[in-house]
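Colleague: Give me a 3D structure for the following:
(one chain, ligands or ions: 1)
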Amino acid sequence: MIIGIPKEIKNGETRVSVTPALVARCVSLGATVLVQKGAGMPAGFADAEYAASGAKIESKARTIWKNAELIVKVKEPLESEYGLLQNGQTLFTYLHLAAVPDLAKVLLKKNVLGIAYETIEARDGSLPLLKPMSQIAGRLSLQIGAYFLQSQNGGSGVLLGGVPGVKSGAVAIVGAGNSGAHACRIAAGMGARVTILDLDTRKLDMIDDLYRGAVTTLAANPANIEAAVANADLVVGAVLIPGAKAPVVVTRQMVRQMRPGSVLVDIAVDQGGCMETIRPTSHESPTYKRDGVVHYAVPNMPAMVGRTSTIALTQATEPFLVRFIEKGVKSAIEETQGLAKGVNTRDGKIVNTAVAKALGYA
Ligand SMILES: NC(=O)c1ccc[n+]([C@@H]2O[C@H](COP(=O)([O-])OP(=O)(O)OC[C@H]3O[C@@H](n4cnc5c(N)ncnc54)[C@H](O)[C@@H]3O)[C@@H](O)[C@H]2O)c1
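Modeller: A predicted model of the protein is given here:
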């Protein structure tokens, strides 16, 4: 099997889809791995390390896309890569197709077997390839929020942890899954006043048990969300309906009630965002102000910590990649628990129900 690892080209992306150690494992199983020159550099992995692990270093992305039957990436192909996708090729990456209908059309037209990291399911229904990046994004959301609350960065000048005699900042987190729970952990660690909301009461039970009242848990109904947002210095959006476009849980009306200079971090922007006033931003230009509130909505936040993220991501993708090499992609899909749920496009059709619904194909 020939596996291609192109350099990521999304704005500010620093992750790479394999480490040298993973290349060595793939090669030991009989695969040929083509790695684009410089692909691992932003994450601190030199070409020489990949070469020493048995990779073939290719200077051009085009050569990799043309020759590999399996392309392993981190982010979805961008428009400039659409033409590089080969007919019938297998693509293993984060796709988030609900947010990029044009890419879905390309994958269908080219009969690409598109396996999305974010919809692969573990036995218990959890999402093992989304989890590590969500945890990272959740933890980052607090340091980002704290940074943009600083006066010089356009914020209201609130110190989230407060200081003795001055009340600490208020953080509202909507969604208590992987990213929300990790945002909560850092927010509580900073000494902020934290409110976390979810529809799933089991998630709230867990948070309540863990923090023993130090964090407020609330059912995510519109009235509770509105009250929490109005009082918050920082709102973190962390909801997910797997494969589907994110539901809007924070409306413009709620945002208007916030103090000027307060901050929104919408982690769910990769699924279209869960705040009415959100639009995607980039690492180059990460924020904009609307209604006096700082909006942050970078869809690839883990790229800020490319080395940690690359190691965390590749540890999660490794078992699947190994199965692809050992069994062949098609048999691996049939035989590996949860992998079929990862298949978003196959033979010119959208085969994941939630993705098909979100894109209006079902
Ligand atoms: N921006 C980035 O860089 C980045 C990085 C990683 C993950 N993400 C995204 O973050 C989002 C969250 O991922 P996750 O792994 O934390 O998901 P998760 O499934 O672990 O948690 C989502 C939570 O949202 C809750 N939820 C669903 N609908 C809700 C609603 N209407 N109101 C309140 N809660 C609701 C669910 O009950 C669940 O607890 C996803 O869109 C994911 O793709 C973005």
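
Colleague: What is the burial count for the residue of the chain found nearest the ligand?
Modeller: Distances from the chain to the ligand, computed as CB to the nearest ligand atom, single out Gly177 as the nearest residue at 1.7 Å. Just so you know, the C-beta spots here come from the backbone N, C-alpha and C atoms, and that holds for glycine as well. In terms of burial, Gly177 registers 20 neighbours under the definition other CB atoms under 10 Å.

Colleague: what sits against it?
Modeller: 134, 198, 203, 238-240 (CB atoms under 8 Å, 6 or more residues apart in numbering).

Colleague: Can you list the buried residues in stretch 12-22?
Modeller: Buried residues in stretch 12-22, counting neighbours by 16 or more other CB atoms under 10 Å, are found at 12-20, 22.

Colleague: now do stretch 202-216
Modeller: Judged by neighbour count (16+ other CB under 10 Å), stretch 202-216 contains these buried residues: 203-204, 207-208, 211, 215-216.

Colleague: and what of stretch 95-115?
Modeller: The neighbour-count check on stretch 95-115 (16+ other CB under 10 Å) flags 95-100, 103-104, 106-108, 110-115 as buried.

Colleague: Restricted to strands, list the residues you listed.
Modeller: Within the buried residues of stretch 95-115, residues falling in strands by DSSP state E are 113-115.

Colleague: Dump these into JSON lines; add pLDDT and distance to the ligand as well.
Modeller: Output for these, formatted as JSON lines (pLDDT from 0 to 100; distance: CB to the nearest ligand atom, whole Å):
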{"residue": "Leu113", "pLDDT": "98", "distance to the ligand": "21"}
{"residue": "Gly114", "pLDDT": "98", "distance to the ligand": "16"}
{"residue": "Ile115", "pLDDT": "98", "distance to the ligand": "16"}
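
Colleague: care to break this protein down by domain?
Modeller: Annotated domains of the chain cover 2-120+306-358, 131-299 [automatic domain parsing].

Colleague: So which residues on the stretch 101-250 of the chain come close to the ligand?
Modeller: Taking CB under 6 Å from any ligand atom as the measure of proximity, the stretch 101-250 of the chain contacts the ligand at 118, 130, 133-134, 137, 174-180, 197-200, 203, 220, 238-241, 246-247, 249.

Colleague: Tell me the buried residues within those.
Modeller: When burial is judged by neighbour count using 16+ other CB under 10 Å, the buried members of these are 118, 130, 133-134, 137, 174-180, 197-199, 203, 220, 238-240, 246, 249.

Colleague: Of those residues, which belong to strands?
Modeller: Residues from these lying in strands, with DSSP E as the criterion: 174, 197-198.

Colleague: Strands of the stretch 201-350 of the chain, residue ranges please.
Modeller: With DSSP state E, counting those that start in this stretch applied, the stretch 201-350 of the chain shows strands at 215-219, 234-237, 263-266, 287-290, 293-296, 343-346, 349-350, listed in chain order.

Colleague: list the buried ones in the fourth one?
Modeller: By that I understand strand 287-290. Neighbour-count burial for strand 287-290, with 16+ other CB under 10 Å as criterion, is recorded at 287, 290.

Colleague: That strand and the ligand, any residue contact?
Modeller: No: residues of strand 287-290 contacting the ligand under CB under 6 Å from any ligand atom: none, with a closest distance of 13.7 Å.

Colleague: What pairs with that strand, parallel or antiparallel?
Modeller: Sheet partners assigned to strand 287-290 using DSSP bridges are listed as strand 293-296 (antiparallel).

Colleague: Over to the shortest one?
Modeller: Strand 349-350 has the following sheet partners, assigned by DSSP bridges: strand 343-346 (antiparallel).

Colleague: Go through the chain and flag its longest helix.
Modeller: Here the longest helix in the chain is taken by residue count, with DSSP state H as the criterion, and it is helix 306-327.

Colleague: packing partners for it?
Modeller: helix 20-28, strand 70-72, strand 90-93, helix 131-149, helix 329-335, helix 339-342 (3 or more CB pairs under 8 Å, 6 or more residues apart in numbering; DSSP states H and E).
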